[in-house]
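J.: build me a structure from this.
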Amino acid sequence: MAEYNRTEGLRKIKEGVIRGVGLSLRQERLKNKVFPVIGEGSHYAKIMFVGEAPGRTEAATGRPFCGASGKVLDELLASINVLRQDVYVTNIVKDRPPFNRDPYPEEINAYAPFLDRQIEIIQPQVIATLGRFSMAYIMQKFGLGHELKSISQIHGKIFEAETSYGKIKIAPLYHPAVAVYNSNMKTALKDDFKALSQFK
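T.: Now for the predicted structure:
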């Protein structure tokens, strides 16, 4: 897929989220005068990171993982010598749920088609899920529902799946926020990120 087509395809996704047809969180966005968070990074990324939903800082800037969790993510990427601009970072839900609550299933379902299109456009070799909501969605989407367990049981493992463009690896990881609240978790996250270094 040509760069123009990828750029154009991702631009259309952004337009769709901004219009927000059928997106219940759009009203929250308009009320709070904040931004949707579409995603950023290389349109040819080998690794795509998928979180759950934007937080306060992300909604205020329109950028994914730019607050405290983002600093942890940057540190984890640096630990395997990967530049942030070489990966693609996004969330399933593109608007911030009120009070940073967990996204509801109907919100995940409403926003998921935008993520599905991002995956088809970027065609990553690896999707690294950050947290249990993106883990559950991505693993079920790619036929790995039978492998689903708690994130504490399968974090850091690599699963193989098929996509329309070929084979892909799925890597469930803890959300970087766990290290914001518990610095001891950073070691586990760094160990898990070592599994990603083979794909850079």
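
J.: going by C-alpha atoms from here, please, whenever you check contacts or count neighbours.
T.: Fine.

J.: spatially nearest residue to K186 (excluding sequence neighbours)?
T.: In space, and not counting its chain neighbours, K186 is closest to A179: 5.2 Å by CA to CA, 6 or more residues apart in numbering.

J.: mind listing what's buried in the longest strand seen in the chain?
T.: Ranked by residue count, the top strand of the chain under DSSP state E comes out as strand 166-173. By 16 or more other CA atoms under 10 Å, the buried positions in strand 166-173 come out as 168-173.

J.: show me the helices in the protein, by range?
T.: 3-19, 26-32, 56-61, 68-79, 105-122, 132-141, 151-154, 177-181, 185-194 (DSSP state H).

J.: and the angle for the last one with helix 68-79?
T.: It refers to helix 185-194. Helix 185-194 and helix 68-79 are oriented at 50 degrees to each other (axes from the mean of the first three to the mean of the last three CA atoms, to 10 degrees).

J.: other SSEs contacting the worst-scoring helix or strand of the chain on mean pLDDT?
T.: One helix or strand of the chain scores below all others by mean pLDDT, DSSP states H and E: helix 177-181, with a mean of 89. Applying 3 or more CA pairs under 8 Å, 6 or more residues apart in numbering; DSSP states H and E, we find helix 177-181 packed against helix 68-79, helix 185-194.

J.: low-confidence ranges, this protein, go.
T.: The model of the chain has pLDDT under 70 over residues 1-4.

J.: so which residue is smack in the middle of it?
T.: In the chain, the C-alpha nearest the mean C-alpha coordinate belongs to V50, at 1.4 Å (CA atoms, centre = their mean).

J.: quickly list what that one is bridged to.
T.: T90, T129 (DSSP bridges).

J.: that one is in contact with S134, isn't it?
T.: Yes. Using CA atoms under 8 Å, V50 is in contact with S134, at 6.3 Å.
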